Each structure stands twice: as C-alpha cells, then as structure tokens.
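Novice: this is a predicted model, with the sequence first.
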Amino acid sequence: MAKYKKERIAQLFDNLAAAGKDTKRKTLTSDHSIPQITSEKAFRRLELGSKDVLFDVGTGTGEKAIRAARICRQVIGIDISKKSLEIACKKAMREKLDNLVFTYSSFEEPCAELDLTQCGITKILAVYSLHHLSDQLKKESLGTLVQLLHRPGRMVIGDLMFFDEPNKYRHQFYEIGYDGGDTDFPSGVEHLTECLANLEARLTVEKIHPLVGVIVADWT
C-alpha cells in the first residue's frame, strides 16, 4: 500500500505557493488543461446556491473557495499547506469576503482547528487532492467527510482516478498532472465508487480521461 507522505506533500505545496504557482495542480494551469477542465466541471456539478455551506477540502490558494463565496452562504476551505492558506486568506481579504474561512487541516482530521459539525455543511468539494491518500486512507477519510455533510447533501470529487491501466498512458502523465507515484497515489474508479456506495450515496461518474474523472455523490 502506498504511504501517505503528508509532510512531504505539505512542503511541496508550500514551495509552489511561495513561488507563486498553482498549488491545486503541480504542472499545468492552462484553462484548457485536463486538471483545469476537471476542476471546472467539478465546480459546476456542485450546483451551488445562496443557502449552501461549502467545504472545500484541499483548497490550495483558494480560487474555487473564493468563487464559491460569491454564491454561497458560507465557505470553509482547508489545506495542509500553511503557505497556500496564507495566500488564500490575503486573496479573501482583498475581495472583502466575510463568509469565507480558511483553516489548516487535512482529510483525516478535518476538524483539527474548527468544529465543522456545527457548520451545517451541504456541499463538499475535493479537486485534485484526494489522490494523495492511500486506498485505505481514502476510504476512512470519505467516511469522515460524509459524517460532516447535512442531508440532503452532495460531494463532488474531481481527480486522478484510474478507468484503465495507467502505464498505457505514461506519455500523458505530465498532461494530466500525475507524478507517477512519487506523491500521487490515485485509486481505481471502482474503489472510489465502492467506498461511496457503501456510504449509501447515489453516484454519477464522468470520465474526462482514462486516468481522470469526476464523481458526484448525493445523499438525500
């Protein structure tokens, strides 16, 4: 089983943020890149409204959280990169958004600094972040996140996920933002859908690339 290198990943994204690069994706930031297409599709599938409370897991430097805060009642963004969160907070201050909170936390301990059980979360977003966890940690973390979600509620995951044998697409690893297993540990789409189905979610899956997809999980 792949080992979750939390400190190494946090340092990587701290360095990227300090260099002024996009921490949501280590390689490509073009609007037409597969990571950005995935991010946009995932955001749209949230179907945010004015009464929603969004939890953005792995928020990076906060682009999607800030965008959501212009729509939602409340947005909470967490990340393991303190440098990324520092940048996100500065952006939110410039936007004068008072319904947006950024805090240090992780998939496995989302309530490390803020009691999210009292926030009334209705939507959860995880874009290009879940793949840093091993299969077992993904299973455990998804279970933890679902416990925070009020009903009806929706979780959207846009990420690396294998619909096919990854080595067949080795020449496209850079294009999709996959480092080949250094700090990225994507799961097969079957594992993710099984975890969510066992949590009694109603699922929709969209394949964007043989190694990238968007999963929408609904609870009523």
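Specialist: Yep, that arrived.
Novice: now do the helices in this structure.
Specialist: Secondary structure of the chain by DSSP state H: the helices cover 6-18, 34-46, 63-69, 82-95, 135-148, 173-176, 189-198.
Novice: low pLDDT regions in this structure?
Specialist: Scanning the chain for pLDDT under 70 picks out 1-31.
Novice: so what's the residue nearest the centre of it bridging to?
Specialist: By CA atoms, centre = their mean, the chain has its centre lying nearest to residue 126, at 2.0 Å. Counting by DSSP bridges, residue 126 forms beta bridges with residue 157.
Novice: so what's it up against?
Specialist: 57-58, 145, 155-159 (CB atoms under 8 Å, 6 or more residues apart in numbering). Where C-beta positions appear, they are placed from N, C-alpha and C, glycine not excepted.
Novice: same check on residue 73?
Specialist: 50-53, 99.
Novice: separate out the buried members of those residues.
Specialist: Neighbour counting by 16 or more other CB atoms under 10 Å classes 52-53 among those as buried.
Novice: I'd like the contacts of residue 73 as CSV, with distance to residue 187 appended.
Specialist: CSV is the format used below for the contacts of residue 73 (distance: CB to CB, whole Å):
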residue, distance to residue 187
50, 34
51, 32
52, 27
53, 27
99, 33
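Novice: now, among the contacts of residue 73, which is nearest to residue 139?
Specialist: Nearest to residue 139, judged by CB to CB, of the contacts of residue 73 is residue 53 at 24.7 Å.
Novice: give the residue farthest from the middle of the protein.
Specialist: Here the centre of the chain is the reference, and by CA atoms, centre = their mean the most remote residue is residue 168, at 25.5 Å.
Novice: tally up the residues packed near the nearest residue to that one once chain neighbours are set aside, please.
Specialist: Distances taken as CB to CB, 6 or more residues apart in numbering put residue 210 closest to residue 168, at 7.5 Å, once the chain neighbours are dropped. Neighbour count for residue 210, taken as other CB atoms under 10 Å: 16.
Novice: so how far is residue 132 from residue 210?
Specialist: Separation of residue 210 from residue 132 (CB to CB, to the nearest Å) stands at 20 Å.
Novice: one more: residue 87?
Specialist: The value you get for residue 87 to residue 132, if CB to CB is used, is 19 Å.
Novice: residue 218 now?
Specialist: 25 Å.
Novice: more crowded one of those two?
Specialist: residue 132 (27 against 15).
Novice: ok, that one touching residue 183?
Specialist: Yes. Distance between residue 132 and residue 183: 6.2 Å, which falls inside the contact criterion (CB atoms under 8 Å).
Novice: tell me how far the ends of stretch 166-183 are from each other?
Specialist: Using CA to CA, to the nearest Å, the span of stretch 166-183 from its first residue to its last is 16 Å.
Novice: now it, how far from the centre of its chain.
Specialist: 19 Å (CA atoms, centre = their mean, to the nearest Å).
Novice: quick check: the gap between residue 65 and residue 140.
Specialist: Distance, residue 65 to residue 140, by CB to CB: 24 Å.
Novice: same question, residue 218
Specialist: Going from residue 218 to residue 140 by CB to CB gives 21 Å.
Novice: just residue 70 next, same as before
Specialist: Distance from residue 70 to residue 140, by CB to CB: 33 Å.
Novice: which one's more surrounded, these two?
Specialist: Neighbour tally, residue 70 and residue 140, criterion other CB under 10 Å: the higher count belongs to residue 140, 15 against 12.
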